[in-house]
Structures are given as structure tokens and as C-alpha cells.
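In: Sequence first, then the predicted structure:
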Amino acid sequence: MSKWIGLLLLTVAVGANGHQTCNNSVLETELPVSKTVEGQTLVLAGPARLELNPGETAMTIAHLPEMLIVKYPDGASLSHRWMDESEMRKNHSSKLAFADFIRLVFRMNMHDASNADRKEADAVWDAMTSGCINARHYHLSDTDIFTYSQTRASGERYHAFFILDDGIVHYLDIRGNDALADNVLTTFNKQD
């Protein structure tokens, strides 16, 4: 699975359609009011004990220890997995924590970041934004959630979520319309 995210980011960026209005910065946004949705609940294993609901029409088609794939009747899909640092970073000698590197990619100022960290984060950001991108930053208690959305050349919508759960980076992607991604966002919650 190594290097898949880099390839995915590049593919999405190259295939993005520049005909929509996009913001090339990260918007600080409030999470939508949490709502209860019928159907299965996905618990993201990690210290924050986060959960989300992929929606009542979701059908799990693969649930492996390291990945979950969900399909919808309209052809949309959602996948979740833990992201390994080597998928996004070349600089393995960096002392900057991977979650802080993601923050740096999404334009947050990390005081402990070296010049090499900043250059590498800028290169990832540039790959993501070479197409049209709408990036957002949400807070859920002590958890940062970074998202971006693009339209591929085929017209398909793509949404990526980076959920920073202490030292774990959850990667969730949705291939489907904005309403599906928004509905998933409204179900993010802390498990009791």
C-alpha cells in the first residue's frame, strides 16, 4: 500500500477539472451539527475514540484489518485506512511528527518544522492544488480534521479526509457527490 497516497494525490490533482470556483487556501470551518443517522457506525480505532456513520444505504464490501471499503447503490464509495508516513513523506529522518507534517501540508505553522519539512509539505500541497481544490480544517474536541474536494476531468467528485488522532493519521476518501461527503461529516462524533 506504500506510495499509493502520493500516486493518488498526483492522479487526482492532474485529473482535476479547473472549471469550478476553488479556494487555494485552507478554510477554518465549523463541523456541521452532529446528527444521528440510521445504519452502521464506523469506529475509528485510536485514542480519540471517533465514530462516523457512512449512511443507511452503505454496504460494506471489504473489511480488512488495515482497510474498510464501503459501496453505495449509486456507485459512490468510501474507504478508510490508517495512513503510513512513508506514503506521503520522503524525508524519513525528520523529527517532525507525521500528524504535524499533515498540519504543515494544510498550511498551519508548525514551529518545530525544519526548512526541509516545509519544502516537502509545500511540494505535497502543490501536487494537491495543481488542480482545483477546496480545502477545509475542522476541529472535533482535540482532533484536527483536514479535508479537500476536487472534481476530476471525468466530472466525478472526490473528497479526502485526514483525521489526526494523536499519533494516528486516519485517511478517508469518498468518491461521490458533495452531499454524501457533507452527510458523513455531520456524523463525526466522539464515542461515549
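Out: It's in. Since the structure is predicted, the reported quantities are computational estimates derived from the model, not experimental observations.

In: Which residues are in contact with the nearest residue to Leu50 once chain neighbours are set aside?
Out: Nearest in space to Leu50, with sequence neighbours left out and distances taken as CB to CB, 6 or more residues apart in numbering, is Leu44 at 4.5 Å. C-betas here are computed from N, CA, C, even on glycine. For Leu44, the contacting residues are 50-52, 80, 163, 165, 170, by CB atoms under 8 Å, 6 or more residues apart in numbering.

In: From Val184, how far off is the residue lying closest to His63 once chain neighbours are set aside?
Out: Leaving out its chain neighbours, the residue that sits closest to His63 by CB to CB, 6+ apart is Ile69, at 7.8 Å. Distance, Ile69 to Val184, by CB to CB, to the nearest Å: 14 Å.

In: that older thread, any chance you could read off phi and psi for the residue nearest to Leu50?
Out: phi -90, psi 110 (degrees, to the nearest 10).

In: which strands and helices sit next to the helix ranked longest in the chain?
Out: Determined from DSSP state H, the single longest helix within the chain is helix 115-129. The contact analysis (3 or more CB pairs under 8 Å, 6 or more residues apart in numbering; DSSP states H and E) places helix 115-129 against helix 4-15, helix 98-105.

In: how much does that helix deviate in direction from helix 98-105?
Out: 60 degrees (axes from the mean of the first three to the mean of the last three CA atoms, to 10 degrees).

In: what mean pLDDT does helix 115-129 have?
Out: For helix 115-129, the per-residue pLDDT values average out at 91.

In: who's in contact with the most centrally placed residue in the chain?
Out: Centroid check for the chain by CA atoms, centre = their mean gives Phe161 as the closest residue, at 1.6 Å. For Phe161, the contact set (CB under 8 Å, 6+ apart) comprises 145-147, 170-174.

In: Strands along the chain, start to end?
Out: Taking DSSP state E as the test, the strands found in the chain are 23-28, 42-44, 50-52, 59-64, 67-71, 77-82, 134-140, 143-151, 157-165, 168-175, 189-190.

In: now the first one: mean pLDDT?
Out: Summarised as a single mean, pLDDT over strand 23-28 is 66.

In: likewise the fifth one?
Out: The average pLDDT within strand 67-71 is 89.

In: And it, what's buried?
Out: 68, 70-71 (16 or more other CB atoms under 10 Å).

In: which regions of this structure sit below the pLDDT cut-off?
Out: 1-25, 27-39, 91, 192 (pLDDT under 70).

In: again, 80 this time
Out: 1-43, 45-46, 48-49, 55-56, 60-61, 63-66, 91-92, 130-133, 190-192 (pLDDT under 80).

In: Val105: neighbour count?
Out: The local packing of Val105 (other CB atoms under 10 Å) involves 24 other residues.
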